[in-house]
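> sequence and predicted structure are below.
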Amino acid sequence: MNSTILNNYILDPLSNTVTIDFSGYQSGTYTLTMIVNGQIVDALNIIVSN
């Protein structure tokens with residue numbers, strides 16, 4: 001079963017790092033997409049295994 005879950009995180013544009021807590025996520029593959037001014041600027045796959 002495939003499903004789409006979207007979560008939005010407001011980022012500090014002056015920060016050099018971002019920490020996202022994946023501990024509440026079920027095991028699986030997730031795509032993290034960075035969007036700036038409505039444009040995708042980067043994307044990567046994250047594998048969560050519990």
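Yep, that arrived.

> on the three-state scheme, I40 is what?
Using DSSP: H, G, I helix; E, B strand; the rest coil, the structure places I40 in strand.

> need the contact list for it.
With contacts defined as C-beta atoms under 8 Å, 6 or more residues apart in numbering, I40 is in contact with 33-34. C-betas here are computed from N, CA, C, even on glycine.

> next one, pLDDT for it please.
At I40, the predicted lDDT confidence score is 90.

> one more: the one 10 residues further on?
With respect to pLDDT, N50 has a value of 82.

> assign the spatially most central residue of the chain to helix, strand or coil.
Using C-alpha atoms, centre = their mean, the residue of the chain that lies closest to the mean C-alpha position is L32, 3.3 Å off. In three-state terms, and counting by three-state DSSP, L32 is strand.

> residues in contact with it?
For L32, counting by C-beta under 8 Å, 6+ apart, the contacting residues are 20, 43-46.

> rerun that using 6 Å as the cut-off
By C-beta atoms under 6 Å, 6 or more residues apart in numbering, L32 lies in contact with 44, 46.

> cool, the one 10 residues further on as well?
Applying C-beta under 6 Å, 6+ apart, one finds that D42 lies in contact with M34.

> for it, give its distance to L14.
With distances defined as C-beta to C-beta, to the nearest Å, the gap from D42 to L14 amounts to 18 Å.

> what about M34, how many neighbours?
Other residues within reach of M34 by the criterion other C-beta atoms under 10 Å amount to 13.

> look up how far Y9 lies from the closest residue to it other than its chain neighbours.
In space, not counting the residues next to it along the chain, M34 is nearest to D42; the distance is 4.4 Å by C-beta to C-beta, 6 or more residues apart in numbering. Relative to Y9, D42 is positioned 14 Å away (criterion: C-beta to C-beta).

> buried ones in the helix or strand bottoming out on mean pLDDT in the chain?
Of the helices and strands making up the chain, the lowest-confidence element is strand 28-36, at a mean of 88, by mean pLDDT, DSSP states H and E. For strand 28-36, the neighbour count (16 or more other C-beta atoms under 10 Å) marks Y30 as buried.
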